[in-house]
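Student: Structure of the sequence below:
(2 chains)
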Amino acid sequence: MYDTIKPSRRKRRIKTIAEKQRGFGQFLLLLCVLLFTVFCFAPVVLVFVSAFTDETYITQNGFSFLPKVWSLSGMNSVLRYGTQLIQSYLVTIFVTVAGTFLGLLVMSMFAYSISRRDFRLAPFLSIFLLIPMLFNGGQLSGYIVFTSWYGLKDSLLLLILPLCVTTMNVIILRTYIANSIPGELMEAAKIDGAGDYRTFFQITLPLMKPSLAAVGFMMATSYWNDWQNALLYITSDSKKPLQLLLINIQKSIEFLLNNSNVPASARAAMGGTIPQYSSTMATVVIVIAPIMVVYPFFQKYFIKGLTVGSVKG
Amino acid sequence: MVNTAVKPKRRGDGFWANTWRNRAHVVLALPAFLVLLFIMYVPMTGLVMSFKNFNYADGIFGSPWAGFANFKFLLASKDTFFQFTRNTILYYLLFTVVGTFLNVTVAIAIDELLFKRCAKTMQTLMIIPVFISYAAVQFIVFAFIDSSAGLINKTLGTNTRFYSSPNLWPWILLIVKIWKDTGYGSVLYMSVLSGIDTSLYEAANIDGANKWQQIWHITLPSLIPMVTVMLLLSVGNLMHSDTGLFYQVTRNNGMLYPTTQVIDSYVLNAILSSSNFGFTAATSFFQSVVGLALMLFANYVVRRIEPENALF
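Tutor: The predicted structure is shown next:
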């Protein structure tokens, strides 16, 4: 009884305050923002709807938000990629998890190290960190150096390392250490006899959680969505991440459409038709769904992290 | 005032002594240092390629010198070099102007909205597109503009062949860019807005300022530092584009190159087809050097006008 009264009373109070100021202008504003939201979200809805639309319906009537014929065949034909899809999923998950954890660890250690005031190397390390933001060798020299000097062609390391340490993320972490973790705490730990490593791993790192969540989420999405490194470096099927699989699907559809003399066996494998619409959309759903599921849980941290990072360091 | 002597400076604490005393910090910084060194710094030496006649057998340093031949070649090829440089710059200007305007507008609109819970939900939905990779986005764009099954053609009953009309692509790319980045871009400005002292608005209210005057005289000026920092950061990337947008969304369609090819997508294509490395290396060199110069210049200008907003 008590529980039910309290929230409703609070709600009523908020309403009366807000209602005083809610005029015509507010509703007009709401309408505008709502329209923009629809503009942003409708294409995502279209993907999910077309993934469950009948293939022949799309061929005849085009993509539609309200199709008359629904079907699961798009989703079923995704299973045609079978083991490759599972393999790609595993590769993407491995790269995302390994890259994010490695990056967070390595970057927070660096951030902690350069945030220390009486460390004379810190200014040099900061400059070392900033230069890549101003100047870089470009894609081509990166490609030549990674493949011919390091001999890393077709290696998962090339999916992990290039996105692992970014200047912006280190700045976010360093700013967080400087502004949100009291220096006295670390001094106290030292007086109590904790060494530098212990202070970092047992005091600083646990206190960095909000910023780690924010940076980690952003890193995870960039790992999940990275197609460029995969396209450049990955050649074998067993190391192909999801985004490269998507690109390959598009390329092969294009190839099939442009070449009429496709072997009969290949056509038969696809059930007579080229899987153009609903099944590719089903694949897109499978690729983008995990982020959409995870994102709401991280939104709070990720907005906070952006805010922290924006403070000039 | 109280703790002026927290750290008495030790006598004889030279650079090396200090470093030795902080050896734990050196160790902690080392892994990231190595990653930066091998991933970011070593490839910088590869820029030497632009003065070389590169071949794989001799490698970057072993290849014979070519002097400025690659650059002469660059300047001679009007329809490629000038085309993709022009596209890169024009798209940067278009996206920056429209993007900044929309980010600020959306942030202010959401902030002014009194339906708070509604605003929060709408913001959540708006941010989602930024998390979709361009490899997936191109399928979404395809669903709208395909000539046979595309939503736009079917709804309007037209038969526009978007994938072979280069002059439509600046608009298509602008719309895709707005769709993908505006929600995310506005988050930053919203965080600034929530930090504005509300007593300013109360005072303005008492003085009889209406909503528009409040936005013009209080909200916008407080957003300027953030806008400056964001612009400054983006100027350094003027020569770099959102490669996915130009490579994936256009489906790397040769027919669209006149209006869609930018430096990054050109270089990517050159690497994938392993052709024209000298030309491409010269392009990369040009890209890196111009990028650096622009960044330094922008920072210099900002420091002259408003020293607090400069990056370094």
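Student: If I look at A:Val308, what pLDDT would I see?
Tutor: Turning to A:Val308, the model gives it a pLDDT of 59.
Student: Repeat that for B:Asn87.
Tutor: On the pLDDT scale, B:Asn87 is placed at 94.
Student: and the residue of the stretch 1-150 of chain A found nearest chain B, how many neighbours?
Tutor: In the stretch 1-150 of chain A, no residue comes nearer to chain B than A:Ser141, which is 2.3 Å away by CB to the nearest CB. (Glycine included, C-beta is placed from N, CA and C.) A:Ser141 has 25 neighbours, counted by other CB atoms under 10 Å in any protein chain shown.
Student: Over to B:Thr124?
Tutor: 16.
Student: how close does B:Trp169 sit to B:Leu156?
Tutor: The gap separating B:Trp169 from B:Leu156 is 18 Å, by CB to CB, to the nearest Å.
Student: Looking at the two, which has the bigger crowd around it?
Tutor: Between B:Trp169 and B:Leu156, B:Trp169 has the larger neighbour count (other CB under 10 Å), namely 22 against 10.
Student: buried stuff in the host helix or strand of the more buried one?
Tutor: Secondary structure from DSSP states H and E places B:Trp169 in helix B:169-193. By 16 or more other CB atoms under 10 Å in any protein chain shown, the buried positions in helix B:169-193 come out as B:169, B:172-173, B:176-193.
Student: So which other helices or strands are in contact with that helix?
Tutor: Applying 3 or more CB pairs under 8 Å, 6 or more residues apart in numbering or on different chains; DSSP states H and E, we find helix B:169-193 packed against helix A:24-51, helix A:278-310, helix B:83-112, helix B:116-127, helix B:134-145, helix B:220-235, helix B:243-247, helix B:257-260.
Student: a markdown table for these, including distance to A:Ala98?
Tutor: Shown next, in a markdown table, are these (distance: least, CB to CB, whole Å):
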| stretch | distance to A:Ala98 |
| --- | --- |
| helix A:24-51 | 28 |
| helix A:278-310 | 16 |
| helix B:83-112 | 33 |
| helix B:116-127 | 26 |
| helix B:134-145 | 21 |
| helix B:220-235 | 29 |
| helix B:243-247 | 23 |
| helix B:257-260 | 35 |
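Student: Comparing these, which yields the minimum mean pLDDT?
Tutor: Among the helices and strands packed on helix B:169-193, helix A:278-310 scores lowest, with a mean of 81.
Student: Any stretches of the chain with poor pLDDT?
Tutor: Unless you meant another one, I'm taking chain A. A:1-22, A:260-275, A:305-313 (pLDDT under 70).
Student: that answer is for a different chain, and I need it for chain B
Tutor: In chain B (pLDDT under 70), the answer is B:1-12.
Student: for the closest residue to chain A within it, what are its contacts?
Tutor: At 2.3 Å from chain A, B:Gly46 is the closest residue in chain B, using CB to the nearest CB. B:Gly46 sits next to A:Gly137, A:Gly138, A:Leu140, A:Ser141, A:Gly142, A:Ile144, A:Val145, B:Ile60, B:Ala281 when contact means CB atoms under 8 Å, 6 or more residues apart in numbering or on different chains.
Student: closest to A:Trp227 out of the helices and strands packed on helix B:169-193?
Tutor: helix B:134-145 (4.4 Å; CB to CB).
Student: so after that closest one, what's the next helix or strand?
Tutor: Once helix B:134-145 ends, the next helix or strand along the chain (criterion: DSSP H and E) is helix B:151-156.
Student: Mind exporting the C-alpha coordinates of that next one to PDB?
Tutor: Output in PDB follows, covering the C-alpha atoms of helix B:151-156 (Å, rounded to 0.1, in the frame of the first residue of the first chain):
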ATOM      1  CA  LEU B 151      11.500   1.900 -51.200                       C
ATOM      2  CA  ILE B 152      11.900   5.400 -52.700                       C
ATOM      3  CA  ASN B 153      11.300   4.300 -56.300                       C
ATOM      4  CA  LYS B 154       8.300   2.100 -55.300                       C
ATOM      5  CA  THR B 155       6.700   4.700 -53.100                       C
ATOM      6  CA  LEU B 156       7.100   7.600 -55.700                       C
END
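Student: now check stretch B:49-68, is it near chain A?
Tutor: Yes. Using CB under 8 Å from any CB of the partner chain, stretch B:49-68 reaches chain A at B:Met49, B:Tyr56, B:Gly59, B:Ile60.
Student: Pull the contacting residues for the nearest residue to the third one once chain neighbours are set aside.
Tutor: Going back to what we said before, that points to B:Gly59. Leaving aside its chain neighbours, B:Gly59 sits nearest to A:Ser148 (6.3 Å; criterion: CB to CB, 6 or more residues apart in numbering or on different chains). Counting by CB under 8 Å, 6+ apart, A:Ser148 touches B:Tyr56, B:Gly59, B:Ile60.
Student: Whichever of those end up buried, select them in ChimeraX.
Tutor: Here is the ChimeraX selection string for the buried members of the contacts of A:Ser148, based on 16+ other CB under 10 Å:
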select /B:60
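Student: Dump the contacts of A:Ser148 to JSON lines, plus secondary structure.
Tutor: JSON lines is the format used below for the contacts of A:Ser148 (DSSP: H, G, I helix; E, B strand; the rest coil):
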{"residue": "B:Tyr56", "secondary structure": "coil"}
{"residue": "B:Gly59", "secondary structure": "helix"}
{"residue": "B:Ile60", "secondary structure": "helix"}
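Student: that older thread, what is the nearest of the contacts of B:Gly46 to B:Leu93?
Tutor: For the contacts of B:Gly46, the nearest to B:Leu93 is A:Gly138 (21.8 Å; CB to CB).
Student: Now name the helix or strand holding the residue nearest to that closest one when sequence neighbours are not counted.
Tutor: With sequence-adjacent residues excluded and distances taken as CB to CB, 6+ apart, A:Gly138 is closest to B:Ser284, at 3.4 Å. Using DSSP H and E, B:Ser284 maps to helix B:277-305.
Student: Can you name every helix or strand that that helix contacts?
Tutor: By 3+ CB pairs under 8 Å, 6+ apart, helix B:277-305 packs against helix A:122-134, helix A:138-144, helix B:69-76, helix B:220-235, helix B:263-272.
Student: now that helix, how far from the centre of its chain.
Tutor: A distance of 14 Å separates the centroid of the chain from that of helix B:277-305, by CA atoms, centre = their mean, to the nearest Å.
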